[in-house]
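Q: please find the sequence and the predicted model below.
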Amino acid sequence: MADGTFDTLAVVGAGNMGSGIAQKMASEGFDVFLVDLDEEKVRRGLRGIGKTLDAGVERKLFTPEQAAAILSRIRGTTRFEDLRDADLVVEAVFEDAGVKRDVFARLEQVCRRDAILATNTSSFAVGDLASGLQWPDRVIGLHYFFHPAKNRLVEVVAGERSSAAAVARAWMLQERMGKTPIRSKDSCGFIVNRFFGPWLAEAVRLLDEGVADVPTIEAAAKQAFGIGMGPFELMNVTGIPIAVHTDDTLGAAFGPLYGTPDRLRRQFESGEAWDLSGEPEPAKFDAVADRLAGIVFYIASALVDEGVGTIEDTDIGARVGLRWRFGPFELMNRYGLPRAKQLVDDVAARWRVAVPRVFARQAAAGAPFAFTLVRRADADGIATLTIDRPDALNAINGPVMAQLAAAFHAAAADPAVDGIVLAGSGKAFIAGADIRFFVKNMEAKTIARIYEFTKAGQQLLLDMQRCRKPVVARVQGLALGGGVEIALACHYIVATPKATFAFPETGIGIYPGLGGTQRTPARVGRGLAKWLILSGETVTAEQALAIGLVDRVVPYGELDAAIRACVAKGAVLERQPHAVPDDFRAIASKYEATDVEALRASEKRVGVKAPIALRIASDLIDRGEGQPIEQGIAMELSHLEEIFSTNDAYEGLSSLGKRRPVFTGA
Ligand code: COA
């Protein structure tokens with residue numbers, strides 16, 4: 001499938017990691033070559049992919065036809081020459097620097113000059129693997145996590161000589177593949193393994209020192225880190241040799257604190273799995289959790305000190321890659337900095353290492369770590385503001401809204417900025433307002449906070465709409481609810497073919513409150529606005545273009561150029577009417593001519609939505625016609641307390657992701 005920048009991808013090494021990466025690429029529509037040394041290895045890799053896909057079919061993640069189509073896009077080969085047209089090749093061979101260098105040397109012989117060559121190494125420096133090559137600028141690190149078709153995290157690593165363009169293109173490809181990329185410096189263990197390996201080692205030390213037994217450490221770790229498997233079970237599942245390899249490598253790079261405990265090595269040599277049996281002793285949970293947390297707090301702070309990753313990426317790495325409920329820095333905030341300081345001081349004293357500066361500074365300030373949730377990057381007079389909560393699909397909560405407003409106003413006032421772009425990090429543009437923020441405030445009976453949040457959001461969107469500088473929404477993936485509303489407040493919406501748009505609100509008991517009931521009809525007309533908002537139907541980028549909901553749909557690789565073209569045209573303060581194709585005109589007239597009650601009876605999709613939310617939404621669309629936007633959004637806000645006080649809103653919001661809501665109309 002053409003994507004503008006990448007058509008054909010390749011993976012060298014058909015082991016577990018390599019074949020998983022190839023599977024993910026193929027399931028995102030790319031043609032993939034899977035290369036290994038001999039036919040049998042290739043066949044084994046393909047068989048493994050087939051089995052994973054079959055399991056996916058059984059779990060109803062794909063239809064048998066989809067699974068067959070994915071498999072048909074992967075071509076197994078032993079011939080490097082087949083990679084002549086590949087746009088990006090990921091090397092995922094055995095963790096041996098010599099073997100990897102040899103692979104790169106062979107790739108250099110056959111691949112096009114503009115092809116990106118990536119290594120999935122977890123222990124070698126990307127720069128070292130690329131040294132000796134004629135064009136090391138195109139070599140980067142893409143470190144995937146097991147299972148790469150399921151785990152969304154990927155560490156994108158720039159080696160010493162990697163070109164910024166290669167890194168940016170590879171990053172874009174990860175987003176295009178639905179991955180959650182984070183940036184890591186080219187440093188041993190990158191971000192996640194750097195603290196994960198020693199976390200496993202610390203669990204073994206706790207056992208060895210007699211602090212607690214295996215079942216107690218397992219239970220304490222699960223509770224403290226919010227995970228389904230403790231360190232020993234994880235080692236049993238992923239392989240004790242891998243844990244030893246990680247700690248050996250880290251120990252060699254960073255010293256004994258990171259090294260492999262003798263007890264772990266003995267277990268490895270015995271070839272036995274850890275014995276998990278026995279009853280945990282809850283009285284020892286705190287002592288265990290404190291030691292595990294201490295080592296993670298120390299290392300996470302050290303890697304930020306060294307510039308390996310940011311605090312945000314470190315936390316995303318833990319949450320997405322390891323499925324911890326909280327990242328290290330969020331966990332430090334939850335412990336409270338004074339208590340976290342005791343734990344870090346203990347680590348520093350035990351191992352005779354210095355307390356990392358980033359931690360010492362924060363502890364001295366006595367304030368929790370603050371996270372940057374909106375990043376700004378400027379290029380050619382365009383300020384791009386990227387919401388950076390990829391693991392929550394960039395859902396908007398209070399801090400995101402506040403940071404977005406601050407970043408937007410700063411960019412709008414900056415004389416060096418000619419245009420502003422709003423973007424989302426990862427696979428989604430914005431999945432709407434943060435549902436958890438709503439639920440929390442409903443449970444705490446602090447609906448006033450939701451009111452303030454919505455009012456501030458409305459004002460920000462109004463400022464965007466009125467901005468004299470062009471404001472462009474860069475919608476590369478999913479846009480839901482508040483995400484569509486933010487895009488609609490921009491002067492231009494530029495989307496990729498993968499973008500989708502929907503208003504799920506009435507299906508979760510509420511209505512769009514950030515101008516959606518006003519700006520949607522202004523863009524696509526009253527009938528289609530009712531269809532979108534009352535039925536919650538998802539529209540593809542192509543459909544969105546046809547009905548005038550978006551301005552441009554371009555392949556990923558052309559997004560930046562399309563955005564620049566919009567900026568060059570200037571702000572749009574008045575919209576021209578858009579001609580809608582016949583099939584959509586029929587939908588529009590049905591929704592425009594029919595009242596809500598009749599729609600509930602005749603349209604299945606409307607019938608399952610929350611009745612009060614439907615009524616208010618429809619009424620707001622009707623009453624907004626011909627009104628200035630300021631008045632329209634004031635009307636939206638005036639129903640906020642009412643809707644968030646309904647049982648149906650609580651039912652809809654709190655059941656999301658767990659079960660189908662049952663609305664009673666109350
Ligand atoms: N608020 C808070 N968290 C959200 C969110 C939202 N609006 N949308 C997604 N997330 C979170 C999910 O809870 C999940 O967190 P977890 O990993 O801690 O469980 C994470 O983002 C990834 O989402 P996930 O559901 O795993 O991704 P998916 O691709 O399978 O499904 C959606 C995506 C969009 C279908 C699903 O997340 C969803 O329905 N979200 C709510 C959308 C919504 O109703 N928005 C309108 C709000 S007004």
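A: Received, thanks.
Q: list the buried residues in the helix or strand hosting Ala170.
A: Under the criterion of DSSP states H and E, Ala170 resides in helix 164-176. Buried residues in helix 164-176, counted by 16 or more other C-beta atoms under 10 Å: 166-167, 169-176. Where you see a C-beta, it was placed from the backbone N, CA and C, and this is true even at glycine.
Q: contacts for the next helix-or-strand element following it, please.
A: Toward the C-terminus, helix 164-176 is succeeded by strand 180-185 as the next helix or strand (DSSP H and E). Contact partners of strand 180-185, identified using C-beta atoms under 8 Å, 6 or more residues apart in numbering, comprise 141, 143, 152-158, 171, 174-175, 190-191, 306-310, 313, 316-317, 320, 390-391, 426-427.
Q: mind checking which of those residues are in strands?
A: The strands, defined by DSSP state E, take in 141, 143, 153-158 from the contacts of strand 180-185.
Q: now for the closest residue in space to Gly426 that isn't next to it in sequence: which residues touch it?
A: Nearest non-adjacent residue to Gly426, counting by C-beta to C-beta, 6 or more residues apart in numbering: Pro390, 2.9 Å away. Residues in contact with Pro390 (C-beta under 8 Å, 6+ apart) are 180, 316, 320, 424-428.
Q: quick revisit: counting contacts, what elements does the helix holding Ala170 pack onto?
A: If you count contacts as 3 or more C-beta pairs under 8 Å, 6 or more residues apart in numbering; DSSP states H and E, helix 164-176 packs onto strand 88-91, strand 116-119, strand 139-144, strand 153-158, strand 180-185.
Q: got the angle between that helix and strand 153-158?
A: Computed with axes from the mean of the first three to the mean of the last three C-alpha atoms, to 10 degrees, the direction of helix 164-176 lies at 170 degrees from that of strand 153-158.
Q: wait, does helix 164-176 contact the ligand?
A: No. Applying C-beta under 6 Å from any ligand atom, one finds helix 164-176 separated from the ligand by no less than 13.4 Å.
Q: assumed Ala473 was part of a strand.
A: Yes. Assigned with DSSP: H, G, I helix; E, B strand; the rest coil, Ala473 falls within a strand.
Q: ok, whichever residue of the chain sits closest to the ligand - contacts?
A: Proximity of the chain to the ligand (C-beta to the nearest ligand atom) peaks at Gly432, 2.7 Å away. Counting by C-beta under 8 Å, 6+ apart, Gly432 makes contact with 395-396, 480-483, 504-505.
Q: and the ligand, which of those contact it?
A: 395, 480-482, 504-505.
Q: just send those back as CSV, with distance to Ala26, pLDDT and neighbour count too.
A: Output for the ones next to the ligand among the contacts of Gly432, formatted as CSV (distance: C-beta to C-beta, whole Å; pLDDT from 0 to 100; neighbours: other C-beta atoms under 10 Å):
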residue, distance to Ala26, pLDDT, neighbour count
Ala395, 29, 98, 23
Leu480, 27, 98, 23
Gly481, 31, 98, 28
Gly482, 33, 98, 26
Pro504, 30, 98, 20
Glu505, 35, 98, 31
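Q: mind checking which of the residues you listed are in helices?
A: Gly482 (DSSP state H).
Q: and the furthest pair within the ones next to the ligand among the contacts of Gly432?
A: Ala395 and Glu505 (13.4 Å; C-beta to C-beta).
Q: Pro215: neighbour count?
A: When neighbours are defined as other C-beta atoms under 10 Å, Pro215 has 17 of them.
Q: can you name the residues that contact it?
A: 276-280.
Q: which of those are buried?
A: Among the contacts of Pro215, those buried by neighbour count (16+ other C-beta under 10 Å) are Pro280.
Q: dump the contacts of Pro215 into CSV; add pLDDT as well.
A: Output for the contacts of Pro215, formatted as CSV (pLDDT from 0 to 100):
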residue, pLDDT
Leu276, 98
Ser277, 97
Gly278, 97
Glu279, 98
Pro280, 98
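Q: point out where this protein drops to low pLDDT.
A: The model of the chain has pLDDT under 70 over residues 1-4.
Q: out of the contacts of Gly432, which comes closest to Asp262?
A: Checking the contacts of Gly432 one by one against Asp262 (C-beta to C-beta), the nearest turns out to be Ala395, at 45.7 Å.
Q: what about the nearest residue to Gln476 once chain neighbours are set aside, neighbour count?
A: Excluding the flanking residues, the one nearest Gln476 by C-beta to C-beta, 6+ apart is Thr496, at 5.0 Å. Using other C-beta under 10 Å, Thr496 is surrounded by 25 other residues.
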